[in-house]
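*Asks:* After the sequence you'll find the predicted model.
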Amino acid sequence: MDYPRSIRFGDFVLNRTRGCLQDSSGTERFLRPKSYRVLEVLAERRGQLVSKDDLVQATWPDVFVSDDSLAQCVSDIRRALGPEGMGLLRTVPRRGYMLVGPGSEAEEPVEPGWKRWMAWTSGLTAALIVAMATLWLAQPRDSVVELSAADGAVVQANELITARDWRRRGDNEEARGLLEAVVADNPGHAGAWASLGLTYWLEVQHLAWGGGRREMARALEMVERAVALGGGARSHRLLAEMRLLSPFPEMRSPVDALANARAAVTIDPEDPDNLAVLAQALALTGRSDEAVLTIQQALRLDPTPQDWHHQVAGLSYLLAGEPARAAEELGPLYGAGTFANARWWPGWLFAASLAHAGRLEEAAGVVTAALGHRPEQTVTGVAQSFDGLADESGLAIVLEGLRLAGMPG
């Protein structure tokens, strides 16, 4: 089987003989070994969508890693390609990545002496691999089994808590038990700490589960530990969400939330969830114009965005002075259960957006429905429930819209 020594794409060359990426001038662009391998797989399949699973399998065979590991490699590649290679590596949301651009495969000229040296080192490498494999097989396998079991437990736990459904507290508790066992045996497992923190954060979020300050403090402690251990974009995103939306004022920190949201986007700039959390942090800290640009990017990347992405878009548009666009984003989410579950704050935003857009009768209807379901019966009460909105001018926009809609107080 012919093995091309170099692969060209755009103005870059993947020099497989030297194991490096070179630009048009022949200058080497630094890549870590795993990042190089990800790029190599993408280059071999130029113009084709390569799934995340395929990339992980090719780069970390027989080893469990999280999506964050792959995302960090993709970020490394983007940095190495720089501005001139910005359009070469594309993300297909929730599916994988694709390397685009014209390319070719070519054999590099190899001197006879170099060929002899390569043949000798290839033989030596093969001998070393055989010797190391024999030695590895002779070693006790307990530690390998433990690591595999730990990663499998984290995967199982994450599947249990993915739904974030308030009716599934038993799943949350089962996931917690699995994760506690993992961190007890492997305290350096960042992914397990982040997921364990999430189980406590869900307990706080779902009021029926009775989570309070103690659970909130434990959630923060565990996710902060995950971040310190290098947990990647997911850990930063989760910490940003918690610091932004904690129901306990002393545990909120808009500054920390914004910093962690930016860190998540830096690690993986094309994950729609990272961008949506950053947009929310920007909107709630008085940076609504930047929030609009950020959430627009998230919506472009995901052809089927989640409801909470539309919620953030509505918030961003409203605070940026575009109430008609805010109503367009929030309107499809409004329904009979809007003020009876976790979507209460988008309900208030929808009413305010309609009012500011001049649709006062519709706004009044939303407020009337809210008064039959929510404990807040006045504008002052709504202001207290929106205490996570750190920007006073933004809060004033929401409250003025509710007054226009006829809400008392």
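*Replies:* Looks like it came in fine.
*Asks:* how about low-confidence regions in the stretch 201-350 of the chain?
*Replies:* Scanning the stretch 201-350 of the chain for pLDDT under 70 picks out 207, 336-337, 339-343.
*Asks:* 90 - rerun?
*Replies:* 203-212, 229-233, 244-249, 252-255, 267-271, 284-286, 301-308, 331-348 (pLDDT under 90).
*Asks:* how about the helices in it?
*Replies:* Assigned helices in the stretch 201-350 of the chain, in chain order: 213-228, 233-245, 254-267, 272-284, 288-301, 307-319, 323-330, 344-356 (criterion: DSSP state H, counting those that start in this stretch).
*Asks:* before we move on, what about the stretch 51-200 of the chain?
*Replies:* 52-59, 67-81, 112-138, 142-161, 169-185, 190-205.
*Asks:* Lowest mean pLDDT across those, which one is that?
*Replies:* Mean pLDDT is lowest for helix 112-138 among the helices of the stretch 51-200 of the chain, at a mean of 35.
*Asks:* which one is the most centrally placed residue in the chain nearest to, not counting chain neighbours?
*Replies:* Centroid-nearest residue in the chain, with C-alpha atoms, centre = their mean: N274, separated by 4.1 Å. Nearest residue to N274, sequence neighbours excluded (C-beta to C-beta, 6 or more residues apart in numbering): A264, at 4.3 Å. All C-beta spots, glycine's among them, are computed from the backbone N, C-alpha and C.
*Asks:* and the one you found, what does it touch?
*Replies:* Each residue near A264 by C-beta atoms under 8 Å, 6 or more residues apart in numbering is listed here: 233-234, 236-237, 240, 271, 274, 277-278.
*Asks:* for E40, same thing?
*Replies:* By C-beta under 8 Å, 6+ apart, the residues touching E40 are 7, 14, 16.
*Asks:* so what's the backbone phi/psi at it?
*Replies:* Dihedral pair for E40: phi -60, psi -40, per degrees, to the nearest 10.
*Asks:* Around R46, how many other residues sit close by?
*Replies:* Neighbourhood size, R46 [other C-beta atoms under 10 Å]: 20.
*Asks:* shouldn't it be in contact with F12?
*Replies:* No: here R46 does not reach F12: they are 11.4 Å apart, not a contact under C-beta atoms under 8 Å.
*Asks:* re the thing from before, make a markdown table from the contacts of A264 and add distance to A298 to it.
*Replies:* Shown next, in a markdown table, are the contacts of A264 (distance: C-beta to C-beta, whole Å):
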| residue | distance to A298 |
| --- | --- |
| A233 | 14 |
| R234 | 16 |
| H236 | 16 |
| R237 | 12 |
| A240 | 14 |
| D271 | 9 |
| N274 | 8 |
| V277 | 9 |
| L278 | 8 |
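*Asks:* From these, keep the buried residues only.
*Replies:* Neighbour counting by 16 or more other C-beta atoms under 10 Å classes 233-234, 236-237, 240, 271, 274, 277-278 among the contacts of A264 as buried.
*Asks:* sorry, back to before: tell me which two of the contacts of A264 sit farthest apart.
*Replies:* Pairwise distances across the contacts of A264 (C-beta to C-beta) peak at 13.8 Å, for the pair R234 and L278.
*Asks:* Give me the nearest residue to G286, chain neighbours excluded.
*Replies:* That would be D391: by C-beta to C-beta, 6+ apart, it lies 3.5 Å from G286.
*Asks:* Dump the C-alpha coordinates for whatever helix or strand A396 lives in into CSV.
*Replies:* If you go by DSSP states H and E, A396 is part of helix 392-404. Output in CSV follows, covering the C-alpha atoms of helix 392-404 (Å, rounded to 0.1, in the frame of the first residue of the first chain):
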residue,chain,number,x,y,z
GLU,A,392,-29.0,47.5,36.2
SER,A,393,-29.8,49.1,32.8
GLY,A,394,-30.8,45.7,31.4
LEU,A,395,-33.0,44.9,34.4
ALA,A,396,-34.7,48.3,33.9
ILE,A,397,-35.5,47.4,30.3
VAL,A,398,-37.3,44.2,31.4
LEU,A,399,-39.2,45.8,34.2
GLU,A,400,-40.3,48.8,32.1
GLY,A,401,-41.7,46.3,29.5
LEU,A,402,-43.7,44.6,32.2
ARG,A,403,-45.1,47.9,33.4
LEU,A,404,-46.1,48.7,29.8
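*Asks:* quick one: buried residues of that helix?
*Replies:* The neighbour-count check on helix 392-404 (16+ other C-beta under 10 Å) flags 394-395, 397-399, 401-402, 404 as buried.
*Asks:* Tell me which residues touch F386, please.
*Replies:* Counting by C-beta under 8 Å, 6+ apart, F386 touches 345, 348, 395, 398.
*Asks:* got the contact list for A283?
*Replies:* Contacts of A283 by C-beta under 8 Å, 6+ apart are 291, 312, 315-316, 319, 394.
*Asks:* farthest pair in the residues you listed?
*Replies:* Across those, the longest distance by C-beta to C-beta is 13.2 Å; it joins V312 and G394.
*Asks:* Just the buried positions in stretch 72-87, please.
*Replies:* By 16+ other C-beta under 10 Å, the buried positions in stretch 72-87 come out as 72-78, 80-81, 85.
*Asks:* Residues touching it, excluding its own?
*Replies:* Under C-beta under 8 Å, 6+ apart, the answer for stretch 72-87 is 10-12, 21, 23, 29-32, 34-35, 38-39, 59, 88-89, 91, 97, 100-101, 232-233, 266-270.
*Asks:* same thing but at 6 Å, please
*Replies:* Outside of stretch 72-87, the residues within contact range by C-beta atoms under 6 Å, 6 or more residues apart in numbering are 10, 21, 29, 31-32, 34-35, 38-39, 89, 267.
*Asks:* Now that we have those residues, which of them are buried?
*Replies:* Buried residues within these, counting neighbours by 16+ other C-beta under 10 Å: 10, 21, 29, 31, 34-35, 38-39, 89, 267.
*Asks:* In strands only, show me the residues you listed.
*Replies:* Among the buried ones among the contacts of stretch 72-87, the members falling in strands (DSSP state E) are 21, 29, 89.
*Asks:* if I look at the second one, how far off is C73?
*Replies:* To C73, R29 is 14 Å away according to C-beta to C-beta, to the nearest Å.
*Asks:* from the middle of its chain, how far away would stretch 175-185 be?
*Replies:* Chain-centre distance of stretch 175-185: 23 Å, with C-alpha atoms, centre = their mean, to the nearest Å.
*Asks:* Near P61, how many other residues are there?
*Replies:* P61 has 7 neighbours, counted by other C-beta under 10 Å.
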